[in-house]
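In: Let's see this in three dimensions:
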Amino acid sequence: MKKTLVTLSALALSACATPRLPGKAPQPSTAACAAAPACPVCPACPGVVPPTVTPPAAPVLQPATWESISGWRDDELSQAWEAFRQSCAALQKNPAWQEPCKAAASLAKPGDETLRGFFEQYFTPYQVTNPDGGSDGLITGYYEPLLAGSRTPSKRYPHPLYATPDDLISVDLAGVYPELKNLRLRGRLQGNKLVPYYSRAEIDAGTASLKGRELVWVDDAVELFFLQIQGSGRVKLDNGDTLRVGYADQNGYPYKSIGKALVERGELTLDKASMQGIKEWGKQNPDKLADLLNFNASYVFFREMPNTGNGPLGALGVPLSAARSIAIDPRSIPLGAPVFLATTWPGSGKLLQRLMLAQDTGGAIRGAVRADFFWGFGKDAGKHAGSMKQSGKMWVLLPKGMPLPDKAG
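Out: Residues are numbered from 1 along each chain as shown. Reported below is the predicted structural model:
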């Protein structure tokens, strides 16, 4: 989902080489190109030159004790059980996960203490630390929004959601450069050269040939922008039906925070640069809105999703569970793993300590101690997600005997 989209610079896609993370929907990441300014359009790209990308170092997973995990004894683990079983559905073919997942399948409606014993029997806890040795990181939030739209464009519904363009080329770099696992190259062909795909500004201006790729039109450009950040959502159509959409692909540009841009421009103070604050700023500054949105050149394409009663699909390929799923950087934490999160509620010092499942990724979710907390669907979830910018600690739980990955994911 999300959230939901490190990305390729999209200024030099071959000789030089994209979070909620937001997101918060499945989306392989890409990598930034350090040499991009010197190679703006790759006029003479050699065929097999490695991108100048250095993958981040694997996080240091420090062995921990159950007693050292803040809040481990107090969490209602039964609230996370269904989410854990969803992870097992995706991981059970992995030999390291077979024993705990088989044991989980034999438990019928277990209580909290039974589950505490289960995890302590089958898993080993590791505290996740940053490359500098620190154990604190940024915890943000994302959600599944509801937009208003129509299957046909009009003055009321002028803003399209696009399906993946036919001319978008996506290349998995791991087949050629294994060290670039989880990185993906995106662009378009211009003659026999791979060049950057169109930016947000170019797409909105109609430069890209996207006619016929529209899924639906919505009434609000800012809501559409935040839908792209979240990675999935629902659209209430003018005929009364509800359409569900999820992340399909992305144009290859790195995600850039418009909230940070507003702060740097002196338009908002840091405490007001939340999703709600940005939306309010947009209403008050319609003449500046397009320029602000185009600051984030990253653009997300969608696909229609089954309209089920479950949460949206995350990068793991299973439905996300409200307040029990998180988006993580798969280069740092294995996708699908249980992660105990110790943080605080949005905008407060009230403790929020619970078992989560790493079931999603996001373009803005980069680094070891870094997570995007999935709050669920609707306005209340959006209020929590939009104001969440907390400090937190994380412990990943790995099956006993599972070798520590050189690079997670």
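In: What's the local residue count around Phe118?
Out: A count of nearby residues for Phe118, using other C-beta atoms under 10 Å, gives 18. For glycine as for every other residue, the C-beta is placed from the backbone atoms N, C-alpha and C.
In: for the one 4 residues further on, same thing?
Out: When counting by other C-beta under 10 Å, one arrives at 19 neighbours for Tyr122.
In: before we move on, what about Leu341?
Out: So Leu341, with other C-beta under 10 Å, has 23 neighbours.
In: Name the nearest residue to it, sequence neighbours excluded.
Out: Leaving out its chain neighbours, the residue that sits closest to Leu341 by C-beta to C-beta, 6 or more residues apart in numbering is Met356, at 5.0 Å.
In: Next one, pLDDT for that neighbour please.
Out: With respect to pLDDT, Met356 scores 99.
In: tell me what the helix or strand hosting it is packed against?
Out: In this structure, Met356 sits in strand 351-360 according to DSSP states H and E. Packing partners of strand 351-360 (3 or more C-beta pairs under 8 Å, 6 or more residues apart in numbering; DSSP states H and E): helix 81-91, strand 325-327, strand 338-344, strand 370-377.
In: how about a cut-off of 6 Å?
Out: On a contact count with 3 or more C-beta pairs under 6 Å, 6 or more residues apart in numbering; DSSP states H and E, strand 351-360 meets strand 325-327, strand 338-344.
In: Now do the helices in this structure.
Out: Using DSSP state H, the helices found in the chain span residues 81-91, 95-105, 112-122, 200-204, 221-230, 258-264, 275-284, 286-295, 379-386.
In: Would you mark the buried spots in the fourth one?
Out: The reference is to helix 200-204. 200, 202-204 (16 or more other C-beta atoms under 10 Å).
In: any idea how far the most centrally placed residue in the chain is from Val216?
Out: Note on the chain: the residue nearest the mean C-alpha position is Gly362, at 1.7 Å, using C-alpha atoms, centre = their mean. Applying C-beta to C-beta, to the nearest Å, the value for Gly362 to Val216 is 23 Å.
In: quick one on the thing from earlier: correct me if wrong: the residue nearest to Leu341 contacts Ala323.
Out: No: taking contacts as C-beta atoms under 6 Å, Met356 lies outside contact range of Ala323: 8.5 Å.
In: which ones are touching the residue nearest to Leu341?
Out: The neighbours of Met356, taking C-beta atoms under 6 Å, 6 or more residues apart in numbering as the test, are 324, 326, 339, 341.
In: could these go into a markdown table alongside pLDDT and distance to Gln121?
Out: Below are those laid out as a markdown table (pLDDT from 0 to 100; distance: C-beta to C-beta, whole Å):
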| residue | pLDDT | distance to Gln121 |
| --- | --- | --- |
| Arg324 | 98 | 21 |
| Ile326 | 98 | 24 |
| Val339 | 99 | 18 |
| Leu341 | 99 | 22 |
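In: quick one: which of these is nearest to Gly71?
Out: Distances from Gly71 to these, taken as C-beta to C-beta, are shortest for Leu341 (8.9 Å).
In: residue contacts, that closest one?
Out: 356, 392, 394.
In: The second one against Phe340, yeah?
Out: It refers to Gly392. No: the pair Gly392 / Phe340 is not scored as a contact, 10.4 Å apart, by C-beta under 6 Å.
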